[in-house]
Structure formats: structure tokens, C-alpha cells
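> take a look and give me a structure for this.
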Amino acid sequence: MTKTISPKCLIGLEAECFNIIPESVEPRDVLGRCERLIQEIGWGIPSVPGDRGIFTGYGRVYLDRAHLELATAECDSPFVLVSVWERLQTVVALAVRRLAEQGLPLTLANCNHSGLLNDSATVWGTHGNYLVEEPPAALADRLLPFLVTRIYTGAGALHWPTGDLLASVRAHRLDCERGGDTIRRRAIHSTGRDEPLTSDPERYGFRYHTLLDDGVRSHFSLLLQYGTLALVLKAVISDPAAIETLPVPGGAAGKRSFWMQALARFNRLAGPGEPPRVDPWVWRIQEIYLAAADRFVANTPDVPAWMPQVLAIWESTLSALRRDDQEWLVRRLDPWIKHRVFSDYLRQHGREWRDLPGNESLAAALALVNQNYHEFCSADSVFAQLEAQGALTHRVGPIVPPGSEAEPFVPEVNTRARARARWIYERVGRQDVVADWSLLTDLESGERWHLDDPRSAILPERDPARQAVQSRTMEAGARR
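Take a look at the predicted model:
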């Protein structure tokens, strides 16, 4: 039985950055440079203090242990999410350049591993956040087949020592199917980050936090990552039976480890010298979810314009995967782009893919190429050069320079991010205010603004309880 749910979405992106400085390998030196970078960002655009960093209209920049982390503002469209993400990265890149001019170089990349990617390598994350109408734990069975077959939106990775091309870094290092935590038992369908987006989840919705995403450079890949899952969440919550006819390879879906095994199988795109290809089960299962999402859009009134647009892009991608259209894929999706980049590097150095297994120095050279591909602050990165040469068709919207919006530094969203951005803009330079996702605080006056409804772009009234306390204090002072 289907139920009526709102077509409105709320989507966010968090990315842990790989950060190094050339003159030192000491973690404390890198940490200090990142702290200096956050200061530089805060001087460059409207911002206020936040937990371990700053809040801007585009989102949060902060330190998580010894690395920099970026988190976008809450968006109501995956197209806007991609644009806001680029604006946030641009702001960071401009600050990195200003630091370099001061003799303080810093390299930042959104890759998910450094060095050789083997079976015990440390990886770090890119996370998604979605507002959902049901507790995420109840959605595992409805989502697992989709999540393990959405590997084509990964960043692409070279596995050592086999020389295999993997679709996703993060998918290679997950530990379990469901549940888990955020550090040691990372799950495909994770419920390890049980933090509500609001003070009243039953009223406003629950937070679904993903751990299996990669940091990608292609906007097309990024749109598919977030747009397709946002649609699927709506479809399977609206109609829990939407995928009941799902064909399962091997007929072993009841086994707890089945989807872990399937993920490993699907994540291998190519052996050395082979062109990257997805397992046929990938597009077969994806097409069932595509049909479910299409039914949701067709049967729901007043859906936002982005939904049918994402459906069309999703369908065109699955069609390209099905017909193995390498030239179409290599212009849009990171794993295919990287495979071409790696192949070109090998050819330019007189090597072949078959030389890679067991050749650690050659694998290490490609690992450096991979890191450079992800250096989003560098105009000379591999990805930036490919885009400048016209080799990519990855953009899904116009370039919006930071501050060029109708309201400068206020993203074009109908979520609480707009209210927060306006509040920040009006308090530029103040160090006695603090922003968080759901609470804005004026430390001097004691006033608070609770952003409980994540879909509301209107700044609520100041906390009446705090105002009452202030009024009583002022009256007592007057009587004295």
C-alpha cells in the first residue's frame, strides 16, 4: 500500500579532505596550517564561528581530528547541492592561494585514500545526509540492492597488487551490510550516526547518513550519487512494495553476507588491460529502482522540477552502461575518466596495464596521479586540465561564483540554510555569535534562534524562554 509523502527533499554532503604541506610530515604542522586556512576562509567571505571551525552561507568548514572537513548547507535539489559544493570548494581554493602567496602552501584533495589501495589500507569518507520520513533502520532491506549497484557513481580506484580497476574506494573497505558504526564497522546501509536533524524527528523527519560514498570530481557523478538516492528514498518509503519483484542473482538474498559478496563482485570494473564494464546485474537492478522512482514522480502532485530531470539523466546513464558506450562514460563518470587517465600515463611512459601487477613503483606513480586528480584547489590538477581541454561533459548546471547570487552568499534554497545564511551575513565579523545546524546563538545578548524545521527558509522568532529570562533580569536591575 502506498502512502502520501512530501516530494520535498533535504540533501547534504560532507567530505573529509586529504591535506598535506610540503615542508613537514608532522601532523601538528598540518593541523596548524589547516587552522590558518579556516581563518583565511573566514576573512574572505561572510562567516561566524562554529564548532571547531566556521559556518558560512554555503556550509561548515571545520577540523575533524587532524584533517579538514567540508559540509554543505542543506539543499532541496541535487542540482543546487552540486552548485553549492562547487562554491564551497572555490572559497577554499581561493583561501589556499592566498596562503600560498604568504609562503604557507597547503595541498587539499577530496580523494578517499592515499598511497596504494590494498585490502588493509586506511580510507576516509564522503558522507551524504538525507531527511527521511521513516527511521533509517527500517529501510535496510529496501535499500541494500540499490546501494550495492550504484557503484558506477564512485571515484574509481586502482587496487594493489592486482592492478584491478575498482568502481569505488569506500565500497572496497566496508565491513558489514547494515548497522555498524562510523569508524570500525562501517556498513553499506549505515545507522551508526544516530543524530536527529531536528529536535522533533517524528514531526520533521529523520536523518539518513551514508558512509559508502566516494569523493568525486565529476559533477555528473555527484548528481547521480545524491539525486538517485534522494529519489529512491522517496519511492521506497512511499511504496514499501516497490521492489518486491527484484530479481536477486544466486537466490541467496536471505544470507546476512550476501550483499557484501555482491558489492565486492560489482565493485570490480576491470582487470589489467580490460576496459571498465559493469556487471549486467548492476543495470538490471538499477532499472527496477528507476521504474519505482518514475512511478513515484508520476503519481505525486507538484514534484520539484529536478526530479524528472534526474530520472532522465539516470536513464541515459543506465543505457550507456548497458550498451557499453565507453566514449559516453569516459566524458562523465569518474571511474571511466580515471581509467583513461591511467591508460594515457602508462602509454606515455612506455608501459602497459599488464606491467602493473607486482610493480610497486609503477603503482605508486599512478597513486600520485590519482591524488593529483582530486586536488580541487589546483588549476593544474589532472581533472582541471581535462576540463580546460574540453575532454569532459560533466557539468550539470552553470558556474555560480561565490557571492554572485541574488542575495550574496545566500544559496538559492528553500531550507533553513537560507535563514542561517542571512543571519550570518548580518553578523559578519562578530566573534560573539555561534552558528550550528539547528541553533543560532548571540552570546552577548543570550538570544537564540532554533531552526527546528529544516524545510523552512524563514528565521523563527528568538527563543521566548531566553527573552523572558532577560526581561526579568532587566526589571530586577531597574528596581535595584
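> from now on I want contacts and neighbour counts done on CA atoms only, so please keep to that.
Noted.
> what about the helices in the stretch 301-450 of the chain?
With helices called from DSSP state H, counting those that start in this stretch, the stretch 301-450 of the chain shows them at 306-322, 326-329, 334-348, 360-373, 382-388, 416-425.
> for the ones you listed, which one sits closest to Leu443?
Between Leu443 and these, the tightest spacing by Cα to Cα is seen for helix 416-425, at 14.0 Å.
> now that closest one: average pLDDT?
Helix 416-425 shows a mean pLDDT of 97.
> just how off-centre is the helix ranked longest in the chain within its chain?
Secondary structure of the chain per DSSP state H: the longest helix is helix 78-101. Centre-to-centre, helix 78-101 and its host chain are 14 Å apart (Cα atoms, centre = their mean, to the nearest Å).
> and that helix, what does it pack against?
Counting contacts by 3 or more Cα pairs under 8 Å, 6 or more residues apart in numbering; DSSP states H and E, helix 78-101 packs against strand 11-16, helix 27-44, strand 67-72, helix 219-238.
> and of the ones you listed, who's closest to Pro135?
Pro135 lies closest to helix 219-238 among the helices and strands packed on helix 78-101, at 10.3 Å (Cα to Cα).
> now do the buried residues in the closest one.
Of the residues in helix 219-238, 219-238 count as buried by neighbour count, 16 or more other Cα atoms under 10 Å.
> check which helices and strands that helix sits against.
helix 78-101, strand 126-132, helix 140-149, helix 280-299, helix 306-322.
> circling back: distance to Val169 added to the helices and strands packed on helix 78-101, as CSV?
Output for these, formatted as CSV (distance: least, Cα to Cα, whole Å):
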stretch, distance to Val169
strand 11-16, 14
helix 27-44, 24
strand 67-72, 18
helix 219-238, 14
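> and of those, who's closest to Pro78?
The closest of the helices and strands packed on helix 78-101 to Pro78 is helix 219-238. By Cα to Cα, the value is 5.3 Å.
> related to what we said a few turns ago, ranking the helices of the stretch 301-450 of the chain by burial, who's on top?
Greatest average neighbour count among the helices of the stretch 301-450 of the chain goes to helix 416-425 (a mean of 24), per mean count of other Cα atoms under 10 Å.
> how far off strand 67-72 does that one point, in degrees?
Counting by axes from the mean of the first three to the mean of the last three Cα atoms, to 10 degrees, helix 416-425 lies at 110 degrees to strand 67-72.
> can you list contacts of helix 416-425?
Residues from elsewhere that reach helix 416-425 (Cα atoms under 8 Å, 6 or more residues apart in numbering): 46-48, 55-58, 73-75, 409-412, 435, 440, 451, 453-459.
> equivalent analysis for stretch 443-452, please.
198-200, 416, 432-434, 437-442, 459-463, 466-467, 470.
> if we can go back for a sec, inside strands: which ones of the contacts of helix 416-425?
Counting by DSSP state E, the contacts of helix 416-425 place Ser47, Val48, Phe55, Thr56, Ala435, Leu440 in strands.
> how close does the residue nearest to the fourth one when sequence neighbours are not counted sit to Trp85?
Translated: Thr56. Residue nearest to Thr56 in three dimensions, not counting chain neighbours: Ser47, with 4.5 Å by Cα to Cα, 6 or more residues apart in numbering. Per Cα to Cα, to the nearest Å, Ser47 is found 16 Å from Trp85.
> between those two, which is the more surrounded one?
Ranked by neighbour count (other Cα atoms under 10 Å), Ser47 and Trp85 place Ser47 first, with 32 against 23.
> what residues are up against the more buried one?
Ile54, Phe55, Thr56, Gly57, Ile424, Tyr425, Val428, Gly429.
> just list whatever residues bridge to the second one.
If I follow you right, that is Phe55. Taking DSSP bridges as the rule, Phe55 bridges to Val48, Arg60.
> shift numbering so it begins at 860
Okay, using 860 as the starting number, the last item reads as Phe914.
> separation between it and Tyr1011?
32 Å.
> likewise the third one?
Distance check for Thr915 against Tyr1011: by Cα to Cα, it reads 32 Å.
> same thing with the fifth one?
The span separating Ile1283 from Tyr1011 equals 38 Å under the rule Cα to Cα.
> ditto for the last one
Look at Gly1288 and Tyr1011: by Cα to Cα, they are 43 Å apart.
> mind checking which of these two has more residues around it?
Ranked by neighbour count (other Cα under 10 Å), Gly1288 and Tyr1011 place Tyr1011 first, with 29 against 16.
> for the more buried one, list the residues it contacts.
Contacts for Tyr1011 (Cα under 8 Å, 6+ apart) come out as Ala1026, Ser1027, Val1137, Leu1192, Pro1194.
> contacting residues around stretch 1193-1212?
Applying Cα under 8 Å, 6+ apart, the contact partners of stretch 1193-1212 are 1011-1016, 1022, 1024-1027, 1075-1077, 1080, 1131-1132, 1135, 1185, 1188-1190, 1225, 1228-1229.
> let's see it at 7 Å
For stretch 1193-1212, the external contacting residues (Cα atoms under 7 Å, 6 or more residues apart in numbering) are 1013-1015, 1026, 1075-1077, 1080, 1131-1132, 1135, 1188-1190, 1225.
> repeat that for stretch 1129-1145.
Contact with stretch 1129-1145 is made by 1005, 1008, 1022-1024, 1105, 1125, 1128, 1177, 1180-1181, 1183, 1195, 1212-1213, as judged by Cα under 7 Å, 6+ apart.
> which of the residues you listed are buried, as a ChimeraX select command?
The ChimeraX selection below is limited to those of these classed as buried (16+ other Cα under 10 Å):
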select :1005,1008,1022,1023,1024,1125,1128,1177,1180,1181,1195,1212
